[in-house]
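Visitor: Structure, please.
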Amino acid sequence: MAQPSPAAVALYWIPLGAGGRVVAFNGRAFEAIQAAWQHRRRCDLYHAALVVECDGERHTIELAPSPDDDEASRGVVATGSVGSRHLGRWRVFRYEVRCWRGGTIPDLGAAVGPPRRLSGDPRAARRLLDLVATVPTPVWGRDELGAGEMWNSNSVTAWLIASDGLSTDGVRPPDGGRAPGWHAGLELARRASRQRHAVAKMRQVTAGNSRWTRVGEVWIREVRSGDEAAIDELLGGLDAESRYRRWFTGGVDIRGAEDWAAHPERVGGVGLLAFIGEQPVGHAVLIPAGDERAEVAFEVAARWRRRGIATALLNRLLELAADRGLREVYADVLPENADMLAVLREHGEHAESRDEGIVSVTLPAPPRVESGAG
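Guide: Below is the predicted model:
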């Protein structure tokens with residue numbers, strides 16, 4: 001028998017539900033509905049899995065339900081929610097991403113056809129193994145990130161292959177088959193690639209005294225002259241509900257609001273813009289309200305919410321408040337603006353009051369860091 005290659009990245013196509021009648025039945029029902037809606041014939045559904053041979057060890061990579069809390073025993077490197085983020089607190093509604101050294105994949109023996117060998121390069125194999133822990137973990141079964149289809153195990157596999165720089169041309173399930181979620185993984189990998197190029201350009205930018213702050217994939221800087229177009233793109237794209245929650249009225253003069261957001265210095269304030277790549281995704285302001293206090297407000301574009309951008313903006317606002325010697329900041333929020341209230345409450349120490357249907361949340365500014373301290 002031939003000796004195994006010193007390194008290999010292999011893709012397997014496993015029929016959905018190969019080892020369970022319930023999964024198989026649900027898959028057939030899902031495909032029947034999709035085929036009828038899209039006016040096409042039904043296809044067999046497949047679940048993709050990877051096996052990586054590298055440095056004399058075998059690793060199995062897949063997304064699977066979370067059966068118990070002994071995650072280390074099966075190489076779990078990330079987890080996510082199924083159906084809804086709120087449901088993810090219960091294990092039955094949680095999935096896990098495994099990179100299992102010496103592990104197994106249930107039903108691997110049921111894979112159709114020989115494995116597709118994607119690479120024999122040790123560097124590609126090691127790179128892919130490193131990438132597994134960084135895979136996105138949006139809600140399974142939903143298109144939470146606007147990728148065009150739901151996120152699932154096929155999305156994870158496609159994202160890993162594309163992010164590793166391996167070719168996905170011609171990579172498709174067996175004849176007559178379909179892999180739902182595959183293109184969602186490719187789309188998110190393409191976005192990340194575009195973002196890396198944009199960040200590389202951004203690092204070369206010098207913009208007067210403006211200072212970039214990086215938080216994960218988000219870049220934040222103070223509003224400066226010439227930002228009117230970026231602010232117009234961001235605020236002008238807010239839907240009616242977002243405008244109401246931000247300005248407490250659905251009839252806000254959006255042009256006036258954009259002008260105010262672009263020039264907070266007119267009232268002694270400071271503004272922030274958040275970018276992912278070259279796209280403006282968030283805005284925030286800090287406006288003085290006396291000698292020791294300031295009001296803060298922020299908004300994030302709908303498709304980029306719940307990714308930590310609002311928290312990053314709030315943290316930077318608090319740093320600016322400390323730099324100005326302020327004691328505290330506050331935000332007036334509508335009770336139904338649950339997302340903003342959650343960001344403020346989850347920050348830690350805070351105080352709340354209510355007046356005429358408005359929730360006022362006060363946060364202490366962090367201690368000021370003196371120049372040259374430490």
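Visitor: hang on, Cys99 in a helix?
Guide: No - per DSSP: H, G, I helix; E, B strand; the rest coil, Cys99 lies outside any helix segment and is strand.
Visitor: is it true that it touches Ala133?
Guide: Yes - assessed by Cβ atoms under 8 Å, Cys99 is found in contact with Ala133 at 7.2 Å. Placement of C-beta: from N, CA and C, glycine included.
Visitor: who has more neighbours, the two?
Guide: Cys99 (24 against 10; other Cβ atoms under 10 Å).
Visitor: per-residue pLDDT, the nearest residue to the more buried one once chain neighbours are set aside?
Guide: Excluding its sequence neighbours, the residue lying closest to Cys99 (Cβ to Cβ, 6 or more residues apart in numbering) is Val132, at 4.1 Å. Val132 carries a pLDDT value of 91.
Visitor: ok, now Ala10?
Guide: 94.
Visitor: before we move on, what about the one 4 residues further on?
Guide: Ile14 carries a pLDDT value of 90.
Visitor: Surely it touches Ala110?
Guide: Yes - at 5.8 Å, Ile14 counts as touching Ala110 under the criterion of Cβ under 8 Å.
Visitor: How many neighbouring residues does the nearest residue to Trp212 once chain neighbours are set aside have?
Guide: In this structure, Trp212 finds its nearest non-sequential neighbour in Arg221, 5.0 Å apart by Cβ to Cβ, 6+ apart. Using other Cβ under 10 Å, Arg221 is surrounded by 19 other residues.
Visitor: What pairs with the helix or strand harbouring Arg221, parallel or antiparallel?
Guide: Per DSSP states H and E, Arg221 falls inside strand 218-222. Partners of strand 218-222 in the sheet, by DSSP bridges, are strand 213-215 (antiparallel), strand 270-276 (antiparallel).
Visitor: Glu53 falls within a helix, correct?
Guide: No - counting by three-state DSSP, Glu53 falls outside a helix, being strand.
Visitor: and the closest residue to it other than its chain neighbours, helix, strand or coil?
Guide: In space, and not counting its chain neighbours, Glu53 is closest to Ala8: 4.4 Å by Cβ to Cβ, 6+ apart. Three-state assignment for Ala8 (three-state DSSP): strand.
Visitor: Need the per-residue pLDDT for Leu341.
Guide: At Leu341, pLDDT is 89.
Visitor: who's in contact with it?
Guide: Contacts for Leu341 were tallied using Cβ atoms under 8 Å, 6 or more residues apart in numbering; they are 333, 335, 359, 361.
Visitor: quick one: the third one and Ile287, what's the gap?
Guide: Taken as Cβ to Cβ, to the nearest Å, the spacing of Val359 relative to Ile287 amounts to 18 Å.
Visitor: now swap in the first one and tell me
Guide: In this structure, Val333 lies at 15 Å from Ile287, with Cβ to Cβ as the measure.
Visitor: These two: which has the busier surroundings?
Guide: Neighbours per residue, other Cβ under 10 Å: of Val333 and Ile287, the larger number sits with Val333, 22 against 17.
Visitor: returning to what we had before: neighbours of the residue nearest to Cys99, how many?
Guide: The burial count for Val132: 21, using other Cβ under 10 Å.
Visitor: what does Ala10 give?
Guide: Ala10 has 18 neighbours, counted by other Cβ under 10 Å.
Visitor: From the chain's centroid, how far away is the helix or strand containing Trp13?
Guide: Secondary structure from DSSP H and E places Trp13 in strand 7-15. Relative to the mean C-alpha coordinate of its chain, strand 7-15 is positioned 26 Å out (Cα atoms, centre = their mean, to the nearest Å).
Visitor: show me where the stretch 101-250 of the chain has helices.
Guide: Ranges of helices in the stretch 101-250 of the chain, per DSSP state H, counting those that start in this stretch, are 122-132, 153-163, 182-202, 228-236, 240-247.
Visitor: Render the CA-only coordinates of the strand holding Arg221 in PDB, please.
Guide: Provided in PDB are the C-alpha atoms of strand 218-222 (Å, rounded to 0.1, in the frame of the first residue of the first chain):
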ATOM      1  CA  VAL A 218     -12.800  47.800  12.600                       C
ATOM      2  CA  TRP A 219     -10.700  51.000  12.200                       C
ATOM      3  CA  ILE A 220     -11.800  54.100  14.100                       C
ATOM      4  CA  ARG A 221     -10.600  57.700  13.800                       C
ATOM      5  CA  GLU A 222     -11.900  61.200  14.600                       C
END
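Visitor: Show me the protein divided up by domain.
Guide: The chain breaks down by automatic domain parsing into domains covering 7-195, 213-364.
Visitor: Tell me how far the shortest one lies from the chain's centre.
Guide: Right, the one you point to is domain 213-364. Using Cα atoms, centre = their mean, the offset of domain 213-364 from its chain centre is 20 Å.
Visitor: ok, now the first one?
Guide: Domain 7-195 has its C-alpha centroid displaced from the chain centroid by 17 Å (Cα atoms, centre = their mean).
Visitor: Which residue is the nearest non-sequential neighbour of Val139?
Guide: Val139's closest residue in space is Ser81 (Cβ to Cβ, 6+ apart), at 5.0 Å.
Visitor: Could you do Pro335 as well?
Guide: Once flanking residues are discounted, Pro335 sits nearest to Val359: 5.6 Å by Cβ to Cβ, 6+ apart.
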